[in-house]
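Asks: okay, structure incoming, though there's no sequence with it:
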């Protein structure tokens, strides 16, 4: 009933390296091939022999060749042959300008990405390093490429246990049933943190592993990145003591993953249908889930595996590409706040059809990132914004606008819930008055086999897009209405789209949380229709205007970065109308504490801003204090219930141009001696 395919040995489209430099390697370290700089280099071991200089604590490097490389700067360097050959490789690095002494290596690696090798080493400017590349087998030779690139060694840098998927290793296909096809994936997890990790099989103190499937395609000239499949959850039961990512410190207990250790699960283990449990029981933010999990009835080859509708498939091509993502969730990793790197992904090949397709993995695993990170690499111009919801999980919001000609633009959005336990319940894009909005669309994922409360699958009812209140808004049933509502659950991506006759600008979109709390929305930078002169954002801390005081730049649409590691956001909400008077300003991504919202009559320094504390003063001229409030979960707004409206408090009249900003407490002295920062600015023109 099962069809097995080995990974396809192809160079991944993800390997964005500089052009290959001419180099091959010398079989003798005395005449090592000299290379310089970073990028991709050729390596040929054909005809080479096995040298006497060998690393210790690492396997023998057979049929080795040598390169000499001198560091131009002091930084961590990643030596990788991943995707550069299909052979089983071994590599080592020595701090030496000639033949090194055996066992004196500073790093060596056998298997890191499948049977290929990758390692990190600290390079010091002006120091020469000897690079030794060869094979695991005594008769194996190869030709291919390796790369030297600046990088960050993941091992031991995180405090506490830190789980990373080091590799997606294998795939198992299942025969299609009832219009559905499926596959399962093998994974190797690594503990790259500074503490051991629980892996207790008979309790809920172990990881659960999910698989999801994505399709990128170009439709009518516009790209879209959609989730088309997902699996139920495999449970970890015992940890091995491999050294895929780091050097394993064996804990002597297979119910614990040691520091630096790695553990493989095969595709067949991941596809054992009877042991898989539903996703709805897991809070990905806390890592908590019941054990044993729910076990509703199931039947068929595809059930509980990474299922995808056959109708959503077509063979891979230049305009149709596929990616598989695997995610681990476990309690101690989440409690250490190290769970934002728990997803990794890999490109997939899809062939066959029209009723039966085969799936195979391609290239190298992209470690520590969800698959949506591939969208900007496939389609230049895509904006991707990460938003950490305080006391909850991480969301990523992607957007792109494509000209359709004739003054019409297609807007494409994707909202990915990485690990939020509160989930997403609404999505809103502001549009200017009088804009022509057509072809409103939506795409979600289908829940099957009883994945939901009371063993009833969570509904897959489409969110209806409506135009009202100056925005296009989609929403699912509220939390109070249905526990099985079609919310954006953890590990899923929902898409929103429309056409509009207004050109794009860097704007803000709003995501509403499904499970209610004190603050129930957040804003994210995105490409959105230009709202015109009535409300515009300005004065960003991203280097586009006045430089932030200590190089503490924020991201797209943000102010200067604060002690949380990113800049605040500010949005104008509602209608700046003297008669309607629904205008409000909302700030987010700030530390909890006091924030003063104020109004100005001009843009400071022509909109570029002026250094003030740890940020930029954006609103200038005559200043009016609107009100002081406290951030909760990093967000707040003005007016709050009981406050005077902005037009009343600001003394505004029709035609007035006013600027707005938030001035907030930033308790950590991480930049200047001051302990405050500011949001970017928002300007509006008051209408009748």
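Replies: Received it, and whenever you're ready, just let me know what you need. These figures come from a predicted structure and were not determined experimentally.
Asks: pLDDT averaged over the helix or strand containing residue 332 - what is it?
Replies: For residue 332, the element it lies in under DSSP states H and E is helix 331-335. Averaging pLDDT along helix 331-335 gives 97.
Asks: whatever helix or strand comes next after it pairs with which strands, parallel or anti?
Replies: From helix 331-335 onward toward the C-terminus, using DSSP H and E, the following helix or strand is strand 343-352. Its sheet considered, strand 343-352 pairs with strand 320-329 (antiparallel), strand 357-366 (antiparallel) by DSSP bridges.
Asks: show me what residue 507 is bridged to.
Replies: Residues in beta-bridge contact with residue 507 (DSSP bridges): residue 526.
Asks: what's near enough to touch the closest residue to residue 348 other than its chain neighbours?
Replies: Closest residue in space to residue 348, ignoring its immediate chain neighbours: residue 322 at 4.0 Å, by Cβ to Cβ, 6 or more residues apart in numbering. All C-beta spots, glycine's among them, are computed from the backbone N, C-alpha and C. The contact partners of residue 322, by Cβ atoms under 8 Å, 6 or more residues apart in numbering, come to 213, 214, 215, 216, 316, 347, 348, 349, 350, 359.
Asks: and for residue 447?
Replies: 457, 458, 459, 460 are the contacts of residue 447 under Cβ under 8 Å, 6+ apart.
Asks: can you show me the strands along the stretch 401-550 of the chain?
Replies: Taking DSSP state E, counting those that start in this stretch as the criterion, the stretch 401-550 of the chain contains strands spanning 408-417, 424-430, 437-443, 464-468, 471-475, 492-500, 504-513, 521-529, 535-538.
Asks: could I get the ones you listed in a markdown table, plus columns for mean neighbour count?
Replies: Listed next are those as a markdown table, based on neighbours: other Cβ atoms under 10 Å:
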| stretch | mean neighbour count |
| --- | --- |
| strand 408-417 | 24 |
| strand 424-430 | 24 |
| strand 437-443 | 15 |
| strand 464-468 | 13 |
| strand 471-475 | 21 |
| strand 492-500 | 23 |
| strand 504-513 | 21 |
| strand 521-529 | 24 |
| strand 535-538 | 21 |
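Asks: need the next SSE after the lowest-mean-pLDDT helix or strand in the chain, C-terminal direction.
Replies: Ranking every helix and strand in the chain by mean pLDDT, DSSP states H and E puts strand 2-5 at the bottom, with a mean of 31. Downstream of strand 2-5, the next assigned helix or strand under DSSP H and E is strand 33-35.
Asks: what lines up beside that next one in the sheet?
Replies: The pairing partners recorded for strand 33-35 under DSSP bridges are strand 62-70 (parallel).
Asks: picking up where we left off before, so which bits of the helix holding residue 332 are buried?
Replies: In terms of neighbour count (16 or more other Cβ atoms under 10 Å), helix 331-335 has its buried residues at 331, 332, 333, 334.
Asks: hmm, the second one is touching residue 287, no?
Replies: Right, residue 332. Yes. With contact defined as Cβ atoms under 8 Å, residue 332 counts as touching residue 287 (7.4 Å).
Asks: any stretches of this protein with poor pLDDT?
Replies: For the chain, the stretches flagged by pLDDT under 70 are 1-22, 114, 532-534, 580, 688.
Asks: domain parsing for it?
Replies: The chain is divided into the following domains under automatic domain parsing: 29-150, 155-380, 388-530, 533-685.
Asks: I'd like the ones you listed written out as TSV, with distance to residue 23 added.
Replies: Formatted as TSV, the domains of the chain follow (distance: least, Cβ to Cβ, whole Å):
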stretch	distance to residue 23
domain 29-150	4
domain 155-380	21
domain 388-530	38
domain 533-685	36
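Asks: show me the helices in this structure, by range?
Replies: With DSSP state H, the ranges of helices along the chain come out as 267-270, 331-335, 375-378, 646-650.
Asks: deepest of those helices, which one?
Replies: helix 331-335 (a mean of 22; mean count of other Cβ atoms under 10 Å).
Asks: helices or strands next to that helix in the packing?
Replies: Packing partners of helix 331-335 (3 or more Cβ pairs under 8 Å, 6 or more residues apart in numbering; DSSP states H and E): strand 197-198.
Asks: could you rerun that using 10 Å?
Replies: Secondary-structure packing of helix 331-335 (3 or more Cβ pairs under 10 Å, 6 or more residues apart in numbering; DSSP states H and E): strand 163-177, strand 197-198.
Asks: list the buried residues for the first one?
Replies: By neighbour count, with 16+ other Cβ under 10 Å as the criterion, the buried positions of strand 163-177 are 163-174, 176-177.
Asks: from the chain's centre, how far out does stretch 613-626 sit?
Replies: In terms of Cα atoms, centre = their mean, to the nearest Å, the centre of stretch 613-626 is set 34 Å apart from its chain centre.
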